[in-house]
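Asker: sequence? don't have it. structure:
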C-alpha cells in the first residue's frame, strides 16, 4: 500500500570508514579523521575506532573489537574529500503544507493561514492527494539529510495515519501529529474538529494507529498537536494535557510567532498572564513540549519555559518570509532553553535544514545590526559551528533524542549522511563533471587549499541536497544519489 | 590558450517556441504563452509572434515574417512546464574572491578585507591560479543563468586580462575591471598600486587589452574600478575620472557598506560633505557609475546619486553575511535611483542572482520588521515580481544595457535562459527521476494545480542552477545541462 524504495534481503553489519564530523559542543565541531564506526543490525553504533594511521587500520580494529568477519560487513568508505555527518533534525514542519512552499506573497501569519494554508490542509482529506503530497515531502526532506522530522499533519485522522505509514515505509524517524483545532470562532467551518470531545477522540485514534504500526515507537512516535492557542478550546487543551500525562507523549505547538497573534491570545485568554502562561495553565508546558517560533517571548515567558524544561524550535526561514520577526537564539540559550531548527514549511520556503541553519546565521546578523553595543552585537551572531549544532544535537535534545541520535558515539543509532563537496581541477572544471554540466556535485567548489573548517563553512553556505550522497536512519540506507 | 566549450561550425538562425516570461514593469511580470521568438546570426531578436493558438502557428508566423525556411533555423521548444526567462544580470561580483565564498566567520568589512580578501586577491598574480579561479567562477555563474556579470578582477594586469579573455571564450557578457588601489596607508604593502601614476597606467593597459580582443565592446567592456574611496588617492580618482570622460567608460566602486568604513571615509576626506560627495568631488559620480551596497546613504546622498543618474547595486547576501546592514531598495527607487542586484562574492556567499533576488525579498522583510507604521511596513516588502525585475531589467538599466538585454523585445539581443521546474507525479515521485535520486529537476516541486504566478514564486524560493537548462548570450548557447 505504501511505496518502498528500500532493498529487501538479509541485512549485514555496517562499517563506515573515513572522516566523521559532528558537534563536540555548541561552539565546536570535532573532526575525526582516519576513523571507523561499526553499526549492528539494529542500527546501533557498537564500536568506534579513532586515532588510526589509516582507515584500513580502523577497519581491522573494529573487526577485532566486534568479532565480525570481513564477510559479515558492508563497508562504506569515504572518497577523497567526503565525510560523514549526523543526520539533520527538523523540529517543526507541516508536511501537509509542502505543496505551498514559496507561496506566501506579502501575507503575515493570520491572513496567510486563511488564504493559503487552511484550504490546502483541508483538501488532504482526499487520501490520494495526501499520498502524493506526503510522499513528496518525506522523500524530499530525506534527500536533504533530514533523518528526523517533527510533523504536523492535518485534522483528518486517516490522512495523518497515512503520513505515519509513509514515514515508516520510507524509513524516516518521525513524530507525527494529528492537528487539534476545535475553537469555532477561529477555525474555518470547513476545517476544524467539531468539539473538544471529538478532537480528543481523534487524537487518540491517531495514537492508536501509530502504536499498532510501531509498537515501541522505535521509528515513529505520535505527538500531541494543539495547533496553537487561538485555534484550541480550553477544554481541548486540558484534555490533551491529560493524554500527555497518561501516555507520556511529546507535545508540539506554536508560540509568539507574530504580534497580532499575541494580541489575539491576550484577548482570548484574559486570565493568563502571557502566551506561555496559557499553555502552562492548561498543563501543556512540559519537558516534552516543543514550541515553534518563540520570536517575541518576554523574559518572564523565557523563564517559565526554561523552568518547565520545554524546548523551542527556531524557524528562521519562516520568520523572515512571513515578516514575523527575529528569534533571539543566543538569548534563549542564556535563559537555559534548548533550541533546535525547524523548516516550518510552508511558512518557511525550504525543505532543507541546511538552509535553516544558513538562515539562522543570517537572521542572527540581522538581529545584531540593530544592537549598538559592540560586544553584545558581536555575541549575537551565530557561528557556523553553532548553526550546525542547532541542526543536529540541538534538535535531538529538543525531541528527547539526545542519547539516541545527533552524533557519532557508541550506543547511539546511526542517523547520518555522507557528504561530498565538489573538487575544482586546475583547468577550472569540476572533477566528475560530464558534458551536460555540473550534474552531481552541487555548488560547493573546493579548490584544494581550504582547511576543514573552511570546507564546512562552504558547505553551510552553498551546500544543497546534491552534496548529500547517502542517508541512513537507524542504520538503514533510506536515500542515495549518484 | 583559453578553454572553449562552444560548438564550432556554421550558425543557424534560432527560433524559440513556448512560454516567455519577463518583467513588464517593476511590479508586473508578463506571461506570454504559445509564442515564438526569432533570433538572427548576430544574436538579435528580429521577430516575435504572440497571441498564437499554438507554438506551431507561432513558428509559421515567424518564418513568414523573416523569410527564413525550416532548414535555416534551429528550433528550441519548451517542454511541458518549461519557460524562457531573461538572463540574470550580476551588477557587482569579485571574480577573484570566488574561492572564498562562504568563508567570512564573524568578520565585518574592514577586518574581512585584511583577513580573507587581500591575501587571496594578491595570490592571483599567479596566472595558473587565476585561470583556475576565474574559469570556475565564470562557468559557475553561467550555470546559474548569469548572462551579464560586472567583475572586479585584481590589481594585477595580466590576470585581469585573462579574466576578460575567459569571459569572451566562455561567452559571458562582462564588464571587467582592473582594481585601482594606490593609497599606501590603507592598502597592504603586498597588494597595491605603487603610485597613482602606475595605477592609471595599469588601468589603461587593461582597457587596451579589452579593446584588442573585443574592439566594439560587443561582449566584453572595460570598467573603471577604483576599489573604494579609502583605498584610493585623490590623484588616482581624478585620473580615473579623466579616463572616464575621454573613453566614455563605465565606473564601479563601493559606497556606504559599513559604518566603520563611512567613518573612515569621513576622516580621510574632511573636505567632502559625505561619502557620495567624495566620489562626486573626484568626478566619479556619473550616469555610468554603479555604486555597490549603498546601505547607509543619507537622504542628501541619495538625492545627489539620483541627480547624477548613478546606479546602485544591491547586494543582500553580502550585506547580511558581513552584518553590514539592510539597504532600502524601495526608498532608493522613490529617490529615482535605478537599482540592480549583485552577488558580491565573496562578501556574498552565493554565485546565484536567483539567491540574491530571494534574499532581497527576505532582507526587505527584515527592514519591514523594524517599522511600526503598518502601511509603510507593508510597502517596504519587495514582491516576487520586484525581485525578478531587479535581477533582469533593473540590472540592465544599471549597466546602460536597458535597450540591449533584460526582456524579450524585437531589437534586443537574446540573453536568456530556459527554465524547467520539477513535476510531482501522483505517487509522489518526480517525473524524470531515476533510481539514483532527484538528479535533474532540483528542488522546485510542481504539483500541477499551481497558477503561473505560484510557479514563479516557487522557482524564486527553491530554484537553483538545476532549473536552468540552457543559457544563451547574444544568441549563443553558452551553458546547458541535461
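Answerer: Okay, I see it. Please read all numbers here as calculations on a predicted model, not as lab measurements.
Asker: going forward, measure contacts between C-alpha atoms and count neighbours the same way
Answerer: Noted.
Asker: quick one, helices of the stretch 1-150 of chain A?
Answerer: Defined through DSSP state H, counting those that start in this stretch, the helices belonging to the stretch 1-150 of chain A, from first to last, are A:55-66, A:109-112, A:118-123, A:127-143.
Asker: dump the ones you listed to CSV, plus distance to residue B:275 and mean neighbour count.
Answerer: As requested, the helices of the stretch 1-150 of chain A are exported to CSV (distance: least, C-alpha to C-alpha, whole Å; neighbours: other C-alpha atoms under 10 Å in any protein chain shown):
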stretch, distance to residue B:275, mean neighbour count
helix A:55-66, 57, 18
helix A:109-112, 40, 16
helix A:118-123, 50, 18
helix A:127-143, 47, 23
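Asker: could you dump the ones you listed to JSON lines with distance to residue B:454 and mean pLDDT?
Answerer: JSON lines is the format used below for these (distance: least, C-alpha to C-alpha, whole Å; pLDDT from 0 to 100):
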{"stretch": "helix A:55-66", "distance to residue B:454": "49", "mean pLDDT": "96"}
{"stretch": "helix A:109-112", "distance to residue B:454": "14", "mean pLDDT": "92"}
{"stretch": "helix A:118-123", "distance to residue B:454": "14", "mean pLDDT": "98"}
{"stretch": "helix A:127-143", "distance to residue B:454": "17", "mean pLDDT": "97"}
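Asker: what's the closest of these to residue B:95?
Answerer: Ranking the helices of the stretch 1-150 of chain A by proximity to residue B:95 (C-alpha to C-alpha) places helix A:127-143 first, at 31.3 Å.
Asker: give the contact list for the nearest residue to residue A:138 once chain neighbours are set aside.
Answerer: On the basis of C-alpha to C-alpha, 6 or more residues apart in numbering or on different chains, the spatially nearest residue to residue A:138 that is not a chain neighbour turns out to be residue A:167, at 6.8 Å. Under the criterion of C-alpha atoms under 8 Å, 6 or more residues apart in numbering or on different chains, the contact partners of residue A:167 comprise A:138, A:173-174, A:220.
Asker: let's see which of those residues end up in helices.
Answerer: In this view, the contacts of residue A:167 that belong to helices under DSSP state H are residue A:138.
Asker: for the residue nearest to residue A:138, what are phi and psi?
Answerer: Residue A:167 has phi and psi values of phi -60, psi -40 when expressed as degrees, to the nearest 10.
Asker: against chain B, how distant is it?
Answerer: From residue A:167 across to chain B, the span is 13 Å (C-alpha to the nearest C-alpha, to the nearest Å).
Asker: pLDDT score for that residue?
Answerer: At residue A:167 the predicted local distance difference test score is 98.
Asker: same deal with residue A:12?
Answerer: Here, the pLDDT recorded for residue A:12 equals 82.
Asker: quick one: it and chain B, what's the gap?
Answerer: In terms of C-alpha to the nearest C-alpha, residue A:12 sits 22 Å off from chain B.
Asker: that residue against residue A:69, yeah?
Answerer: No. With contact defined as C-alpha atoms under 8 Å, residue A:12 does not count as touching residue A:69 (11.0 Å).
Asker: which elements pack onto whichever strand or helix holds residue A:389?
Answerer: Taking DSSP states H and E as the definition, residue A:389 sits inside helix A:384-389. The elements that helix A:384-389 packs onto, with contact taken as 3 or more C-alpha pairs under 8 Å, 6 or more residues apart in numbering or on different chains; DSSP states H and E, are strand A:13-25, strand A:28-39, helix A:353-369, helix A:452-462.
Asker: distance from the centroid: which residue in chain A tops it?
Answerer: Note on chain A: the largest C-alpha distance from the chain mean falls to residue A:427, namely 39.3 Å (C-alpha atoms, centre = their mean).
Asker: all helices for the stretch 151-300 of chain A, in order.
Answerer: For the stretch 151-300 of chain A, helices defined by DSSP H, counting those that start in this stretch occupy the ranges A:157-170, A:196-213, A:234-247, A:259-268, A:275-281, A:299-307.
Asker: give me the mean pLDDT for the shortest one.
Answerer: If I follow you right, that is helix A:275-281. If you average the pLDDT values across helix A:275-281, you get 98.
Asker: and it, how far out from the chain middle?
Answerer: The chain centroid and the centroid of helix A:275-281 are separated by 25 Å under C-alpha atoms, centre = their mean, to the nearest Å.
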